[in-house]
Structure formats: C-alpha cells, structure tokens
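Undergrad: Any chance you could fold what I've pasted below:
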Amino acid sequence: MAETMGSMKRSCYCGEVSKVNDTVTVGGFVKKSRRLGNLIFIDLRDRTGIVQLAFDDSTPREIFDKAESCRSEFVLMAMGTVRAREKANPDIPTGAVEIAVTELKILSKAETSPFEITDNTNANEELRLKYRYLDLRRSVLQKNMITRGKITKIARDYFYDNGFLELDTPCLMKSTPEGARDYLVPSRIHPGEFYALPQSPQIYKQLCMVAGFDKYIQIAKCFRDEDLRADRQPEFMQIDLEMSFVDVDDILNVAEGFIAKLFDEVKGVNIATPLPRMTFTEAMESYGSDKPDTRFGNTIKDVTAILSDTDFVVFNNAIADGGSIKAINVKNAASIYTRKEMDKLIEYAKGIGASGVPYIRWADDAPNCSFAKFLPEGKLAEVLAAVNAEKGDVILFAAGKPGKILPLLGSLRSVTAAKLGIIPEGFNFLWVVDFPFFEKDEETGNWLAMHHPFTMPKDECLEFLETAPEKVYAKAFDLVVNGTELSSGSIRITDHELQQKMFSLLGLTPDEIEAKFGFLVDAYRYGSPPHGGMGIGLDRLAMIVCGADSLRDVTAFPKVQNASELMSGCPAKVDTESLDILGIAVK
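TA: The predicted structure follows:
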C-alpha cells in the first residue's frame with residue numbers, strides 16, 4: 001500500500017530549492033531515477049521545476065531501499081538537507097544543489113506511462129490527448145498553463161484599476177443569431193424548448209450599459225458550433241468588455257494599455273502605443289487579408305492597367321467581367337521555388353479555389369514567364385518594373401473579382417514567406433478599422449450584414465443606408481497581431497429608430513425582431529447611454545504569448561478537429577430514459 005503524508009508538510013517547491021544547509025521538504029513526480037553503484041539519484045518534478053534527490057552510504061538503509069524501488073511518475077515526498085552538487089547541471093535552475101534525503105515517502109505508485117513524459121516526446125498527439133492528464137505533466141504545457149493564468153490575472157488587475165466592474169452573464173440564454181451555430185440545451189421543465197450556450201455575452205453586456213454599470217469586464221466562456229482549426233475551439237474564453245459614453249478611440253486606448261502592460265509583465269517586451277491603424281480596404285488591397293501579418297513585405301500590387309492590352313484570355317476575361325489583375329513579388333524566391341516547387345505551389349492554390357497561377361520566375365538571365373507568348377513586345381519589362389522585380393524573384397499573378405483574388409494572393413504571400421523563412425520574430429500589433437457595413441452575396445446579389453446587427457454605422461455613412469450600401473462603413477475594429485485576429489469590437493446602435501431600420505435592412509420581419517431581440521429593443525425604449533466594447537480572445541492571446549502553434553497547447557482539456565474530447569470520450573450517447581425525460585428521440 002502507498003504511504004500517507006503523515007506529519008510531513010511541504011516546505012517549498014522543487015524549483016525553489018537553492019540555499020545550502022537548509023532542511024527542506026518537497027513533493028512531486030519522479031522524472032527519472034539513476035543507480036550508480038552505491039549512489040541513487042532521483043529527479044523530482046513539480047510545476048516549478050526539478051530538483052535532484054541524493055541517496056548514498058550515509059542514507060539509512062530503509063530509505064535507500066525505498067528509493068531504489070521508485071520508478072518514473074511515482075509520487076514522492078522527501079525531506080533532507082540541501083547541499084552543493086559535485087557536478088552542477090547548468091540546464092536547470094536548481095542544478096547547483098541537491099537534497100541529501102533523510103526521510104522519504106512513496107505516496108502513490110505509477111504504472112508505465114503510455115508515452116514518455118518529456119518535452120521532446122515523439123508520441124502522436126491523439127495518444128497524448130487521450131491521456132491528457134499525463135501530457136499536462138510535461139513542463140512545456142505546464143509553463144503554457146501558468147502563463148495563461150498570469151494573463152487572466154493581469155487582465156483582471158488592469159481593468160479593475162481602470163474602473164471596470166466584473167459582472168457575470170448567463171451561460172443558459174436565448175438563441176440569437178451570432179454568425180455561427182448555437183449549442184442547444186433542451187429544457188426538461190419546458191418540453192420542446194431550448195436554451196442556447198452563448199456565442200458571446202453580446203446582448204447581456206449591452207444591457208449592463210443600459211442598466212448604468214458604465215464599465216463591464218468578464219472573463220467569459222463562449223461556445224460556437226463551427227468547424228475547428230488550429231486557432232479555433234468550440235468552447236473558448238474571451239476577455240469581454242463594454243464601456244459607456246465612449247467612441248472608438250476610447251475603447252482602443254483602453255485595450256492598448258492592457259496589451260502594453262501584459263507584454264511588459266509577461267514577456268518583458270515593450271509594445272509602443274498608440275498602435276498603428278489600417279483600414280479594412282488598405283489591408284485587403286495590400287495584404288489580401290483583414291488580419292494582415294505586417295512583419296514582412298511582398299505586398300500586393302495592381303497591374304491591371306499594364307496587362308489590359310494582352311492576348312492572354314485569363315486576364316482579358318477578368319477585366320471584361322469587372323475584375324482586375326493583381327500580383328505579388330516574392331523576393332529572392334527563384335532558388336527555392338524550382339519548377340517542381342512551383343507546381344506544388346500552383347496545386348496548393350488550386351486547393352483554395354484558384355484555377356491556376358500565372359507566374360514569372362527570374363532564376364537565370366532571362367525571366368521565365370508562363371504567359372510570355374501573349375505579351376506584346378516590351379510588356380514583360382514593364383511588368384517587372386511595376387513590381388520592382390529583380391533577378392532571383394518570383395512574381396505570382398491572380399485575375400478576377402477582388403473578393404476572390406485578394407484572399408488568394410494573401411494566402412500565397414503567407415505560404416511563400418513561411419517557406420522562405422523570412423518572417424522575423426517579434427509582435428506586430430495593429431488595428432484594422434473602417435470595416436464595410438455590408439457585404440454583397442455574389443450569387444444572389446443581396447447585401448448582407450458583415451457584423452452583428454447592433455453595430456453602429458459611421459456617422460457620415462448614415463445617409464447611404466438605403467441608397468448605396470457599398471458606401472456604408474461600420475464603427476467596427478479588430479485587433480491583429482502577426483496575422484492573427486485577437487479581438488473584434490464596435491460601437492453599438494443605441495437609437496431605437498435606427499436599430500429598427502437596421503433590422504429592416506437586414507431582412508428581419510417585425511415578428512422575427514420581437515422573437516429574437518425583443519427584450520433588447522424594449523430596453524432601448526427606456527434610455528441608453530452611447531456605448532461600445534470588444535472581446536479579446538484569451539486563448540489566442542495565450543497562444544501568441546506562449547509561442548504555441550495551436551490553441552490545444554494553451555487549453556487544458558481541448559477538443560480535436562471533429563469537436564470531440566479524446567480523454568473523456570465526449571460527446572457520448574445518453575440512455576433512453578434521459579432522453580424521454582426531455583421529450584427527445586434520436587433519429
């Protein structure tokens with residue numbers, strides 16, 4: 001049987017052991033054990049680090065034998081005297097000392113782990129996620145979780161210091177359209193009716209402003225039933241805030257102060273404020289993305305005027321259809337993008353919707369242009385000059401409607417930069433502002449809302465709401481860093497008549513408005529201060545700060561791509577009796 005702690009009490013953590021001659025008591029997991037003749041060394045691990053336990057001829061025989069029986073992941077408590085190590089280990093903070101153990105308790109024995117618990121494990125992710133409680137013992141993940149906790153604390157401290165109140169909003173709420181599918185929760189008491197898990201606390205935080213709380217903050221759990229990817233989970237956390245009597249600048253200034261404080265305290269990095277701002281139009285035209293990575297160049301150029309008089313049918317058809325021709329110059333790429341690699345790049349482009357990628361590869365003295373035979377004399381030199389091309393560059397082209405070709409070139413810009421290894425370290429924050437209020441459905445020709453229906457149009461655009469929707473821009477903004485969107489926010493509509501007009505423009509009938517948003521519309525009848533806010537993605541922020549590749553690396557118990565959790569096996573079937581109580585049958 002395992003031993004109990006008895007009177008032993010931990011006096012410090014493993015990673016804190018430092019002072020020679022101190023008597024200490026530590027507890028943790030066995031990382032590894034080594035027997036060297038009449039010596040035994042055990043590396044004991046907890047969340048703070050590793051300390052070496054030493055057993056030798058001076059160790060009582062009972063303790064020595066007990067140490068010899070220890071295996072990886074046994075849980076121990078050890079008491080002893082701190083002494084200098086004969087051979088220091090510079091790779092760990094406690095590498096200059098060890099504990100000469102005088103008392104040892106084996107609190108829990110462990111079977112052989114299904115994979116080696118080490119930062120450099122080669123175990124596949126599916127296996128590690130099945131045994132996530134073991135995976136989380138790895139120091140790299142523990143450091144990520146500790147850093148995430150620091151982010152949460154800094155957020156609370158910062159917003160408390162700036163006059164915000166932390167208020168809770170419901171997790172069981174009414175289903176409202178938020179852009180993704182809701183997770184629904186059936187009601188036992190109200191058969192056939194459902195709660196929804198919140199995609200965000202959007203309506204409730206606006207009602208907090210109507211109620212007069214002025215400044216709201218919440219570390220909020222949110223849920224979205226949508227396809228997953230590396231930076232998306234079905235349940236996620238956001239630092240949610242709302243402020244009254246403010247405009248865009250006020251919200252951005254508060255958020256910038258938080259970012260600057262966070263990166264200073266956690267990373268020791270100075271983030272210069274105010275952060276740069278870029279309009280949505282500029283971001284799309286130059287970077288092909290509304291979350292541009294500005295750490296490197298290779299921006300998009302418009303070459304429509306230069307290539308409008310060629311015999312190349314791809315370009316001609318695009319122009320005739322009201323489109324344009326764009327290009328990016330991938331500097332110094334010709335040596336990497338051989339003909340074989342160009343074929344791979346074109347296949348990648350086809351996989352994201354391109355019919356092909358015309359290109360110029362300038363590897364030798366004469367550039368190799370895939371559409372050279374369609375160009376008039378001297379036109380190639382004109383194109384090269386327009387994109388500042390030099391020997392060694394690769395120029396990629398796309399032709400068509402902006403909504404299609406700009407994201408394509410934006411993706412190619414990122415993919416080629418990653419392959420060339422030209423993306424520098426660092427954190428390039430910026431605000432993307434002045435988003436279009438509507439976006440046109442190319443298939444139906446209808447104008448659709450680009451944001452939630454409470455977003456305020458810019459004052460100077462109100463006159464165009466019904467006559468020229470393409471000229472309407474929103475008081476909306478996104479915080480972006482290194483090509484990742486960290487937050488979205490906006491000023492909200494608080495005028496009852498304007499809100500009704502917006503609902504009407506979005507095609508909602510009076511009955512639909514009442515059914516979905518009646519309580520918010522009613523609230524505005526009783527007076528509302530102007531307000532706005534944003535939600536900062538805590539998971540994504542932690543991912544950026546920790547330098548992780550996926551949200552799974554900063555989430556304790558994450559879901560995988562099919563939205564299942566491998567460790568517990570959810571989602572799972574439930575028994576017929578439970579369904580009967582809810583009045584539900586599975587088809």
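Undergrad: could I get the helix or strand encompassing residue 326 in CSV with only the CA atoms?
TA: Using DSSP states H and E, residue 326 sits within strand 324-330. Extracted C-alpha coordinates of strand 324-330, given in CSV (Å, rounded to 0.1, in the frame of the first residue of the first chain):
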residue,chain,number,x,y,z
SER,A,324,-8.7,43.2,-62.0
ILE,A,325,-5.2,41.8,-62.2
LYS,A,326,-3.0,41.7,-59.0
ALA,A,327,0.5,40.4,-58.3
ILE,A,328,2.9,39.8,-55.5
ASN,A,329,6.7,39.8,-55.9
VAL,A,330,8.2,37.0,-53.7
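Undergrad: tell me the mean pLDDT for it?
TA: Per-region confidence: strand 324-330 scores 97 on mean pLDDT.
Undergrad: Now do the buried residues in the helix or strand following that strand.
TA: Next along the chain after strand 324-330, taking DSSP H and E as the criterion, comes helix 339-351. Judged by neighbour count (16 or more other Cβ atoms under 10 Å), helix 339-351 contains these buried residues: 342, 345-346, 349. Where you see a C-beta, it was placed from the backbone N, CA and C, and this is true even at glycine.
Undergrad: Ok, stretch 222-241 next?
TA: Neighbour counts over stretch 222-241 (16+ other Cβ under 10 Å) mark 222-224, 228, 231-241 as buried.
Undergrad: tell me the two of the residues you listed that are most distant?
TA: The largest separation in those, counting by Cβ to Cβ, is between 228 and 241 at 26.0 Å.
Undergrad: so where do the helices sit in the stretch 51-200 of the chain?
TA: 61-68, 125-130, 132-135, 139-161 (DSSP state H, counting those that start in this stretch).
Undergrad: Would you reformat those as CSV and include distance to residue 5, mean neighbour count and mean pLDDT?
TA: Below are these laid out as CSV (distance: least, Cβ to Cβ, whole Å; neighbours: other Cβ atoms under 10 Å; pLDDT from 0 to 100):
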stretch, distance to residue 5, mean neighbour count, mean pLDDT
helix 61-68, 15, 15, 96
helix 125-130, 30, 16, 96
helix 132-135, 21, 16, 97
helix 139-161, 22, 16, 97
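Undergrad: nearest to residue 25, of these?
TA: Nearest to residue 25 among the helices of the stretch 51-200 of the chain is helix 61-68 (13.9 Å), distances taken as Cβ to Cβ.
Undergrad: about what we covered before: so what are the sheet partners of the strand holding residue 326 and their directions?
TA: Applying DSSP bridges, strand 324-330 is found paired with strand 300-302 (antiparallel), strand 394-400 (antiparallel).
Undergrad: which other residues reach the first one?
TA: What that stands for is strand 300-302. 285-288, 324-329, 386-387, 406, 409-410, 413 (Cβ atoms under 8 Å, 6 or more residues apart in numbering).
Undergrad: What is the nearest of those residues to residue 541?
TA: residue 287 (21.4 Å).
Undergrad: Settle this for me: that closest one is touching residue 299, isn't it.
TA: Yes: contact criterion Cβ atoms under 8 Å: residue 287 and residue 299 qualify, at 6.3 Å.
Undergrad: For residue 398, grab the count of nearby residues.
TA: A count of nearby residues for residue 398, using other Cβ atoms under 10 Å, gives 27.
Undergrad: What residues are bridge-paired with it?
TA: In beta-bridge terms (that is, DSSP bridges), residue 398 pairs with residue 326.
Undergrad: Could you tell me the per-residue confidence at it?
TA: Note on residue 398: pLDDT of 96.
Undergrad: How much space separates it from residue 559?
TA: Separation of residue 398 from residue 559 (Cβ to Cβ, to the nearest Å) stands at 35 Å.
Undergrad: for this structure, where's the lowest mean pLDDT among helices and strands?
TA: Lowest on mean pLDDT, DSSP states H and E among the helices and strands of the chain sits strand 447-449, with a mean of 72.
Undergrad: outside of that strand, which residues touch it?
TA: Residues contacting strand 447-449 (Cβ under 8 Å, 6+ apart): 437-441, 455, 469-470, 505-506.
Undergrad: Could you measure from residue 507 over to residue 180?
TA: In terms of Cβ to Cβ, residue 507 sits 19 Å off from residue 180.
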